[in-house]
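K.L.:
Have a look at this prediction, sequence included:
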Amino acid sequence: MTLFVPNPDIVYVDQIEDLPLSDFGALPDHPAQRQTALHAVHLIAAGVLNEPLDQHREVAITMIGDPDHGDTIEKMIDLYRTDRAAALARYAHKQDGHTRFYSWSTIDDLPVPETLRATVYAVSDVAAATKSYNAMDSILAAKGAKDMAQTTVRIAQISPRSDWLKQASGLSTALNMTLNVVCGGGNFVPTDIRSVLLADLQLNPLEVELHRALPHLAAVNYFKSALQLLDSLEPSAPLMPMAAPYVAGYLSILQRDPERGKVFLETLQGESGRYSGGLMDAFFSIKMVGRRIFNPKEKLKTTPKQRNTMALSCVLNAYNGWAEGTNFTADKFPTESRVITSFNPVLRNAANDVRKAHERAKIKARQRQTTVQTVMRQPRSSDRGAEYDQPSA
């Protein structure tokens with residue numbers, strides 16, 4: 001067994017049992033602290049702070065020295081013993097508790113403690129402070145690597161029932177394709193569409209940070225009812241295709257026609273489809289189109305985007321055919337992509353307006369840059385006159 005010898009550059013000083021929350025909040029953040037809002041996303045999504053636990057009051061404070069200017073560990077501790085407030089005001093930083101304080105300060109309905117139990121450390125310099133911080137932050141850092149799609153679903157207050165939504169595999173791609181349907185095509189960049197989805201919302205500061213940290217949160221909220229309805233069917237790959245373009249098709253159907261779409265998808269789960277008399281029905285088309293689109297030989301002729309578009313189009317066309325009571329010619333899968341532009345383009349005009357506004361802004365920015373470059377290339381008036389000011393030989 002190796003003897004445990006504490007690092008002399010990181011020294012325990014004290015524990016404050018009842019530090020006012022406001023006093024802790026007034027301390028500057030630790031120099032190594034990053035992505036507080038993103039960490040808050042995970043805490044809130046997991047519901048960690050919903051229940052008032054005494055452990056939530058435990059925080060850490062670090063007094064950071066500067067040996068080059070005589071601020072040693074010994075000097076900081078001596079001042080702390082004689083004038084704690086002065087020592088904290090001069091040297092202290094938050095070490096652990098940034099995210100909780102941020103959440104308590106921005107979420108109205110969280111239980112907030114009046115005081116905290118703070119462990120105080122003194123460290124020799126910024127390097128030692130970073131080492132101490134990293135030791136405490138390792139667990140939180142691991143949380144930051146969680147799948148963002150799963151976090152987005154939790155933040156949207158959706159409680160998944162199916163393994164599909166619990167895993168949220170491929171959900172971001174499916175949402176992007178579903179957005180293409182409601183925008184009437186795929187000629188929009190994600191930032192334009194997010195602008196449309198967020199345009200009429202009154203976001204508080206934390207919500208703004210959440211949308212920055214989780215780029216698909218706006219889409220999950222927009223398609224929340226469709227997601228929950230699909231999740232309630234507990235879809236799985238053995239019963240129906242669950243790759244991203246198929247899921248995009250299912251969500252698009254449920255977004256437009258919730259009740260009838262649910263009946264269609266329930267039937268899709270329970271039937272293999274009919275193929276006879278030179279015709280195939282909607283369910284056979286959806287379940288078998290993948291063999292055509294993703295056939296190794298056919299894949300050599302198409303791009304991944306084209307294949308995804310074909311699969312999505314097949315789902316939408318099949319649904320329309322089912323709704324109209326029509327079947328499809330055998331082996332001619334309904335993959336025509338025009339259906340994407342016409343199925344449910346409820347956001348097309350708004351998305352076009354945002355895109356045009358962004359394009360105008362880019363043009364103006366280029367014009368300003370051109371003007372600046374032109375002015376910089378022109379000789380200054382003082383330079384033009386200088387040749388006449390030269391003394392004659």
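P.N.:
Structure received.

K.L.:
Going by C-alpha atoms from here, please, whenever you check contacts or count neighbours.
P.N.:
Will do.

K.L.:
just so I have it, where are all the strands in the stretch 51-200 of the chain?
P.N.:
58-64, 92-96, 115-123 (DSSP state E, counting those that start in this stretch).

K.L.:
Paired strands for the first one, with orientation please.
P.N.:
Think strand 58-64. strand 92-96 (antiparallel), strand 115-123 (parallel) (DSSP bridges).

K.L.:
need the strands of the stretch 51-200 of the chain in JSON lines with distance to residue 85, can you?
P.N.:
Putting the strands of the stretch 51-200 of the chain into JSON lines (distance: least, C-alpha to C-alpha, whole Å) gives the following:
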{"stretch": "strand 58-64", "distance to residue 85": "12"}
{"stretch": "strand 92-96", "distance to residue 85": "10"}
{"stretch": "strand 115-123", "distance to residue 85": "13"}
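
K.L.:
Out of the ones you listed, flag the one nearest residue 166.
P.N.:
strand 92-96 (30.2 Å; C-alpha to C-alpha).

K.L.:
picking that back up, which one, of the strands of the stretch 51-200 of the chain, ends up nearest to residue 2?
P.N.:
Per C-alpha to C-alpha, nearest to residue 2 of the strands of the stretch 51-200 of the chain: strand 115-123, 23.8 Å.

K.L.:
If you average the pLDDT over the closest one, what comes out?
P.N.:
What strand 115-123 shows for mean pLDDT is 95.

K.L.:
Can you point out the buried residues in that strand?
P.N.:
Neighbour counts over strand 115-123 (16 or more other C-alpha atoms under 10 Å) mark 115, 116, 117, 118, 119, 120, 121, 122, 123 as buried.

K.L.:
hang on, the earlier thing: what's the closest of the strands paired with strand 58-64 to residue 226?
P.N.:
Residue 226 lies closest, by C-alpha to C-alpha, to one member of these: strand 92-96, at 39.5 Å.

K.L.:
same question for that closest one, mean pLDDT?
P.N.:
According to the model, strand 92-96 has a mean pLDDT of 94.

K.L.:
Name the residues that touch it?
P.N.:
24, 27-30, 59-64, 133, 136-137 (C-alpha atoms under 8 Å, 6 or more residues apart in numbering).

K.L.:
so how far is that strand off the chain centroid?
P.N.:
27 Å (C-alpha atoms, centre = their mean, to the nearest Å).

K.L.:
Alpha carbons of that strand, in CSV - could you do that?
P.N.:
The C-alpha trace of strand 92-96 is given here as CSV (Å, rounded to 0.1, in the frame of the first residue of the first chain):
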residue,chain,number,x,y,z
ALA,A,92,-11.4,33.2,-3.1
HIS,A,93,-13.1,31.7,-6.2
LYS,A,94,-15.9,29.2,-6.6
GLN,A,95,-14.4,25.7,-7.1
ASP,A,96,-17.5,23.5,-7.0
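
K.L.:
before we move on, the earlier item: any chance of the contacts of strand 92-96 in CSV, with pLDDT too?
P.N.:
Formatted as CSV, the contacts of strand 92-96 follow (pLDDT from 0 to 100):
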residue, pLDDT
24, 96
27, 96
28, 94
29, 91
30, 90
59, 95
60, 94
61, 96
62, 95
63, 96
64, 96
133, 80
136, 65
137, 58
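
K.L.:
And the strands of the stretch 51-200 of the chain: which comes nearest residue 341?
P.N.:
strand 92-96 (50.6 Å).

K.L.:
in that closest one, what's buried?
P.N.:
Using 16+ other C-alpha under 10 Å as the test for burial, strand 92-96 gives 92, 93, 94, 95, 96.
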